[in-house]
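# What follows is a predicted protein model with its sequence.
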Amino acid sequence: MDLNSLNSFLGYGDFRNAEFLVLSKHEGADNDYLEQELDARINHFGLEKEYWLDGENRLNGYWHSSTKEADKIKRGLMEKEEIKSSSVPAVVDYPTRMLFALEEAFNKNTDKYIDKWFEGANDISKDIKDKLTASYDDIYSYHQITSWKAVLSHYQPLLRAAQSWPYTESPRSDYKKVFERTVHPENAHFAAWRKQREGILANLLKRYPKKVIFCTGNFQANNESDPLQNFFEREFQAELKDFGFNGKLKGVYGEFSYNGQKTIVVHTHGLSGGGGLTPKQVCKITKVIYRKLKE
């Protein structure tokens, strides 16, 4: 298996022109179709130079143009029909709400309209619900849905399935230690791999700076060294501090500047599952982003 291609895959969307980067912990996969998922990423995504970070070498970073089109490729390899679902993954839903909320806040020069974008299913207005529903499929794509484009990337490059680990090069436990701690990794292979992965992410952000980087799912909340926080502080001299919110919302936020572009970084725990962020918490985070950008 070509692990180098997996380590070089950045994700989905228009990475050159997007202003909003969602940097998730890792991309999940179906246990029954992991082989096809890997086939798509290695052999079908980002084959043209226009999707290469430097336009010269695919292994220096590449992406696919959209999650929607990527799903079509994967379904073809899996020989599966499209199944429409009423549920929307949080990694799609929350950033879509954030983008629309930020757009309206900047247009009206106030954050008082942000809350309405994070109402629950029973309280949200029909107009907002319809606008969100019409946008979900293309939020990570080359289409212009709001005034900002969004891209989806992952800090850990290997696809993860609950019961399957096809990467025979090293045990799963070693891989997790390397990408979830800042301590010196015992596995030299994965240590070099993490350095390469962080190098690709750093090159992305230096070539194509973003206004907002929203990191989820990797935060070490128990006073342990956090690898992503360490990455931004080391590579960009980012100044990050605790949220200071009351309750269970843990994370850091701050900013850095590169070539005259101010970038707001937010790093918190996962968007879904047990302990995942709630709409109200994402609403708070969106207000923090707005206020930091206005400073």
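Cool, the structure landed.
# Would you mind identifying the next helix or strand past the least confident helix or strand in the chain by mean pLDDT?
Taking mean pLDDT, DSSP states H and E as the measure, helix 172-180 is the helix or strand of the chain with the lowest mean score, a mean of 80. Next along the chain after helix 172-180, taking DSSP states H and E as the criterion, comes helix 188-207.
# which residues touch the helix or strand just after that next one?
Toward the C-terminus, helix 188-207 is succeeded by strand 212-216 as the next helix or strand (DSSP H and E). By C-beta atoms under 8 Å, 6 or more residues apart in numbering, the residues outside strand 212-216 that reach it are 19-25, 91, 95, 98, 102, 148, 155, 205, 228, 232, 263-271, 277, 285, 289, 293. From N, CA and C alone the C-beta is placed, and that goes for glycine too.
# Quick check on residue 22: phi, psi?
Main-chain torsions, residue 22, degrees, to the nearest 10: phi -100, psi 120.
# Just to check, it is in contact with residue 95?
Yes - between residue 22 and residue 95 there is a contact under C-beta atoms under 8 Å: 5.1 Å.
# Mind listing the shared neighbours of these two?
Here residue 22 and residue 95 have 150, 152, 214 as joint contacts, going by C-beta under 8 Å, 6+ apart.
# any idea which of these is closest to residue 41?
Proximity of those to residue 41 (C-beta to C-beta) peaks at residue 152, which lies at 13.4 Å.
# can you tell me which residues contact that closest one?
With contacts defined as C-beta under 8 Å, 6+ apart, the neighbours of residue 152 are 11, 12, 13, 22, 24, 67, 91, 95, 140.
# And it, its phi and psi?
Taking degrees, to the nearest 10 as the convention, residue 152 sits at phi -120, psi 120.
# related to what we said a few turns ago, just the buried ones from the contacts of strand 212-216, in PyMOL syntax?
Per 16 or more other C-beta atoms under 10 Å, the buried members of the contacts of strand 212-216 correspond to this PyMOL selection:
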select buried, resi 19+20+21+22+23+24+25+91+95+98+102+148+155+205+228+232+263+264+265+266+267+268+269+270+271+277+285+289+293
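# Any stretches of the protein with poor pLDDT?
181-187, 218-225, 244-248, 273-275 (pLDDT under 70).
# show me where it has strands.
9-12, 20-24, 62-64, 150-154, 212-216, 239-242, 251-258, 261-268 (DSSP state E).
# Mind putting those strands into a markdown table with distance to residue 178?
Output for the strands of the chain, formatted as a markdown table (distance: least, C-beta to C-beta, whole Å):
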| stretch | distance to residue 178 |
| --- | --- |
| strand 9-12 | 18 |
| strand 20-24 | 17 |
| strand 62-64 | 22 |
| strand 150-154 | 15 |
| strand 212-216 | 17 |
| strand 239-242 | 22 |
| strand 251-258 | 21 |
| strand 261-268 | 18 |
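# just the helices in this structure please.
For the chain, the helices defined by DSSP state H occupy 3-8, 34-43, 67-78, 90-108, 126-135, 172-180, 188-207, 227-236, 279-294.
# How far off centre is the shortest one?
Yep, that's helix 3-8 we're talking about. 17 Å (C-alpha atoms, centre = their mean, to the nearest Å).
# That one: which residues count as buried?
3, 5, 6, 7, 8.
# From residue 64, how far off is the closest residue in space to the second one that isn't next to it in sequence?
Spatially, and ignoring its direct neighbours in sequence, residue 5 is nearest to residue 42 (4.6 Å; C-beta to C-beta, 6 or more residues apart in numbering). Residue 42 sits 12 Å away from residue 64, taking C-beta to C-beta, to the nearest Å as the criterion.
# quick one, which of the two is more surrounded?
residue 64 (24 against 17; other C-beta atoms under 10 Å).
# In the sheet, which residues pair with that one? Tell me.
residue 12 (DSSP bridges).
# I'd say it and residue 45 touch.
Yes - counting by C-beta under 8 Å, residue 64 touches residue 45, with 4.2 Å between them.
# before we move on, the earlier item: got the angle for the least confident helix or strand of the chain vs helix 227-236?
Inter-element angle recorded for helix 172-180 and helix 227-236: 50 degrees (by axes from the mean of the first three to the mean of the last three C-alpha atoms, to 10 degrees).
# Show me what helix 172-180 is packed up against.
helix 188-207 (3 or more C-beta pairs under 8 Å, 6 or more residues apart in numbering; DSSP states H and E).
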